[in-house]
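S.K.: Take this sequence and fold it.
(chains A and B)
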Amino acid sequence: QKEVEQNSGPLSVPEGAIASLNCTYSDRGSQSFFWYRQYSGKSPELIMFIYSNGDKEDGRFTAQLNKASQYVSLLIRDSQPSDSATYLCAVSRAGGTSYGKLTFGQGTILTVHP
Amino acid sequence: EAEVAQSPRYKITEKSQAVAFWCDPISGHATLYWYRQILGQGPELLVQFQDESVVDDSQLPKDRFSAERLKGVDSTLKIQPAELGDSAMYLCASSSHRAGSYNEQFFGPGTRLTVL
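M.R.: As a prediction, this is how the structure comes out:
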């Protein structure tokens, strides 16, 4: 079992729709959760982070965390063609010598078509 | 806006040759990370520095890879000898947190390595 799992997609949505990206993790010691966007050939760019159970909204993006279910998601409202990219879920745990280390999923490819 | 700098951006080498990558983190960031990203996969941590000290190199293939951050600022990652399977994007990231799990990492542009 991979530590962080994502559906690799591709996920295709029409412009203006809501894109829903999901991620599950296996380490119950995980404390912080991140969503990165990565355009082809570019480096990951942080778009959202969440630490507490529930929802966190930032503009068109909403991150949702459920630690009991070990599940984190990202919703993108009013999807635009410029949102087409690979979305990476990453988790981090506290304590020990690996504090701060990010463990990434394999990424979900999102395509927003006009 | 402060950014993580990396060089070179692209590197093509033949197997068995030595290669080196350089990273300059955001000023004041004590923690520096080197990740490797194989095409179609997420980044995987190779080594993490806190100032000049290595705090995690459990996934670094130490028979051929080495990393240093002598003055606790910029860092060099070296591969010797390079193998075909080392072809990947090498990403450097930095963060300002000294401890704890709340850790926002900022990535540099990466070095794309191709081993022929």
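
S.K.: Chain A: strands as residue ranges?
M.R.: Using DSSP state E, the strands of chain A run over A:4-6, A:11-14, A:19-25, A:30-38, A:45-50, A:54-58, A:61-66, A:71-76, A:85-93, A:103-104, A:108-113.

S.K.: mind putting the ones you listed in CSV, mean pLDDT and distance to chain B included?
M.R.: All C-beta spots, glycine's among them, are computed from the backbone N, C-alpha and C. Converted to CSV, those look like this (pLDDT from 0 to 100; distance: least, C-beta to the nearest C-beta, whole Å):
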stretch, mean pLDDT, distance to chain B
strand A:4-6, 95, 7
strand A:11-14, 96, 15
strand A:19-25, 96, 11
strand A:30-38, 92, 4
strand A:45-50, 92, 6
strand A:54-58, 95, 13
strand A:61-66, 97, 14
strand A:71-76, 97, 14
strand A:85-93, 93, 5
strand A:103-104, 94, 3
strand A:108-113, 96, 9
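
S.K.: wait, which of the ones you listed is closest to B:Lys11?
M.R.: strand A:30-38 (20.1 Å; C-beta to C-beta).

S.K.: List the neighbouring strands of the closest one plus their orientation.
M.R.: Paired strands of strand A:30-38, with direction, are strand A:45-50 (antiparallel), strand A:85-93 (antiparallel) (DSSP bridges).

S.K.: Specify the beta-bridge partners of B:Gln50.
M.R.: When bridges are called by DSSP bridges, B:Gln50 pairs up with B:Thr31, B:Ser53.

S.K.: What's the separation between it and B:Tyr33?
M.R.: As judged by C-beta to C-beta, to the nearest Å, B:Gln50 and B:Tyr33 stand 10 Å apart.

S.K.: quick check, distance from stretch A:63-72 to the centre of its chain.
M.R.: Mean C-alpha position of stretch A:63-72 versus that of the full chain (C-alpha atoms, centre = their mean, to the nearest Å) differs by 11 Å.
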